[in-house]
Every structure is written in C-alpha cells, then in structure tokens.
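Participant: 3D model of this:
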Amino acid sequence: MMLPTHVLGGMLLAAPLVRVAPELAPIGFVAGFLGGLFPDLDMYVGHRKTLHFPVYYSVFAAIALLAALALPVAATVGAALFLLGAAVHSVADMYGGGLELRPWEGNSDRAVYDHYRGTWVAPRRLVRYDGALEDLALSVGLSIPLLYLVGGPLQQIVIGTLVVAAAYTLTRRHLAELAAQVVPYAPAALSPFLPDRYLDDDPKQ
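Facilitator: Alright, predicted model coming up:
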C-alpha cells in the first residue's frame, strides 16, 4: 500500500483518544502518523525488510498499549501509537502487491520480510499494488473520519496527504516506466544505492 494510506491509518488509530482522553489526542494523532511513516524510511535500503517488522512491532505495540492504559501520559500514549502505526503498516503490506518495479504484473513473491521466521511473506494482493484505485479509496475512507475528528494543522496534514495520494495514484504507472528508462543511465557510483527492483523484476533485498 502507498505511504499516504499507511500514515492516515496510523493517525486513525488514535481516534478513541478523542473521547477517552482528549488532552492526549493530538500527541496520539502525530505519533500514529509517524509510526505509519517510519517503516517506509527503508525505501532505498532493503525496502520492506530493514524497518518492516510485522511480528516484533506487534509484540512491542501490545506491551506499550498496556503501559499506556496503566499510565496514560504523553510519553506512553505516544510510544503506543507510534508502535501500533508501525505494526499496522508492516502487517498491511502483506495484503498489497509484491516488491517489484511493476507490482501490477504480479511477478514477485515478496511482500514483507518476517524477521521472526526468517522468510519473506508472499503478497495477498487484496490491494493490487501501491497506488491502485482501491488503495486511493482506502486513503479517502480513512481520511473522512479524520477530517471530522481533527482540526487546525492536523486537518491540513490530512488534506495534504490526500492530495499526495491522489497525485501518486494518477502517476504511479508512469513513475515506474520513467524509473525503468532513467536508471540504466544513472552513474555507476549510484548503483549500490538503487533498489534491485529498479534493475530487474526479481528483487533480492
């Protein structure tokens, strides 16, 4: 799934705070956003492996959530929502397309790496690929309650994220073709920093 979907999903995890602890809701929304964002910081360094931990994030998120319930302060709530956002991101990637330059072709058997079992999890493809129309629909659906729940700068973040999601969906396939045309002309010094999916259709992270 595309990054906008992940960060909106991370934010929405904080929705219950609006009713049960409104004073902690802003930190929860921000932490959820950052948690949904964090795993994809490995985009160019072993994508969906280096910072994606579907099992370990989930375990630590459960522990952090218990801590936040026992002691609901900004630090514990922020940590819990960050880890929950990262866990949901990592698990959700199992249900998208494979790790390849053109995931709509369905050639990759790698969705996300499971460090606990030491193996790649195959893509379920409930969302065909990141930036597919159903991915955009998910972003829109997640944003609707958020636009009702948040205001001010947070609402602007939600709107901006939706704009990015729409733009990415419109350009997704063109970006893949552009990468395929440009990468062969990239300086040799950049080769170690380019994901393998840019070089062939069989990613080996």
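
Participant: helices of this structure, start to end?
Facilitator: Along the chain, the stretches classed as helices by DSSP state H are 3-12, 17-20, 25-37, 54-70, 74-92, 133-149, 152-182.

Participant: helices or strands up against the helix or strand bottoming out on mean pLDDT in the chain?
Facilitator: Every helix and strand in the chain was compared by mean pLDDT, DSSP states H and E; the lowest is helix 152-182, with a mean of 93. Other helices and strands packing on helix 152-182, by 3 or more Cβ pairs under 8 Å, 6 or more residues apart in numbering; DSSP states H and E, are helix 3-12, helix 25-37, helix 133-149. Heads up, the C-betas are built off the backbone N, CA and C, glycines and all.

Participant: buried stuff in that helix?
Facilitator: 154, 157, 158, 161, 162, 165, 168, 169, 172, 176, 179 (16 or more other Cβ atoms under 10 Å).

Participant: could I get those in TSV, plus columns for distance to residue 18?
Facilitator: What follows is the buried residues of helix 152-182, written out as TSV (distance: Cβ to Cβ, whole Å):
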residue	distance to residue 18
154	11
157	16
158	14
161	19
162	20
165	23
168	28
169	29
172	33
176	39
179	41
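
Participant: low-confidence ranges in this protein?
Facilitator: 190-194, 198-205 (pLDDT under 70).

Participant: ok, residue 3 to residue 92 distance?
Facilitator: From residue 3 across to residue 92, the span is 11 Å (Cβ to Cβ, to the nearest Å).
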